[in-house]
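# only geometry, no sequence info:
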């Protein structure tokens, strides 16, 4: 005979939650914020590499009098990426002067 224990079932709102003390909660928050900053740095570096590669590609294309629509969109995307990277690189103190 199997006993059904609803407090052990997943996603049961009635089940009592285990106590997590302040030390463990703060340690968990610190670990997640450190992980998040590492992810942000990785994303920033990848965006920087992508923007450089795209601008090198655009610079190798022959110059034409009328730009293709796809090329115009690519150039605008490069500008947006470089703008986002330059804002991301500013420190909080330098933004207070603006």
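Okay, I see it. The structure presented is a predicted model; accordingly, all values stated were derived computationally and were not measured. Numbers count the residues shown, from 1 in each chain.

# Residue 19 in helix, strand or coil?
Applying DSSP: H, G, I helix; E, B strand; the rest coil to residue 19 yields a three-state assignment of coil.

# ok, now which ones touch it?
By CB atoms under 8 Å, 6 or more residues apart in numbering, the contact list for residue 19 is empty. Yep, even glycine has a C-beta here, placed from its N, CA and C like the rest.

# how much space between it and residue 67?
Residue 19 sits 63 Å away from residue 67 when distances are taken as CB to CB, to the nearest Å.

# try residue 88
For residue 88, the distance to residue 67 under the criterion CB to CB works out to 28 Å.

# Tell me how many other residues crowd residue 28.
Applying the criterion other CB atoms under 10 Å, we find 11 residues in the vicinity of residue 28.

# ugh, wrong one, residue 48
As a burial measure, residue 48 scores 15 neighbours (other CB under 10 Å).

# I'd assumed residue 85 was in contact with it.
Yes. Residue 48 lies in contact with residue 85 (CB atoms under 8 Å); the separation is 5.7 Å.

# Contacts only, for residue 71.
Residues touching residue 71, when contacts are defined by CB under 8 Å, 6+ apart, comprise 58, 61.

# List the buried residues of the one helix or strand it maps to.
In the assignment (DSSP states H and E), residue 71 maps to helix 69-89. Along helix 69-89, the positions that meet the burial threshold by neighbour count (16 or more other CB atoms under 10 Å) are 74, 78, 81-82.

# and which of these is nearest residue 14?
residue 81 (48.8 Å; CB to CB).

# Next one, pLDDT for the nearest residue to the closest one once chain neighbours are set aside please.
Nearest-residue entry for residue 81: residue 51, 4.2 Å, with adjacent residues in sequence omitted and distances by CB to CB, 6 or more residues apart in numbering. Listed pLDDT for residue 51 reads 90.

# and if you look at residue 6?
Among the per-residue scores, residue 6 holds a pLDDT of 63.
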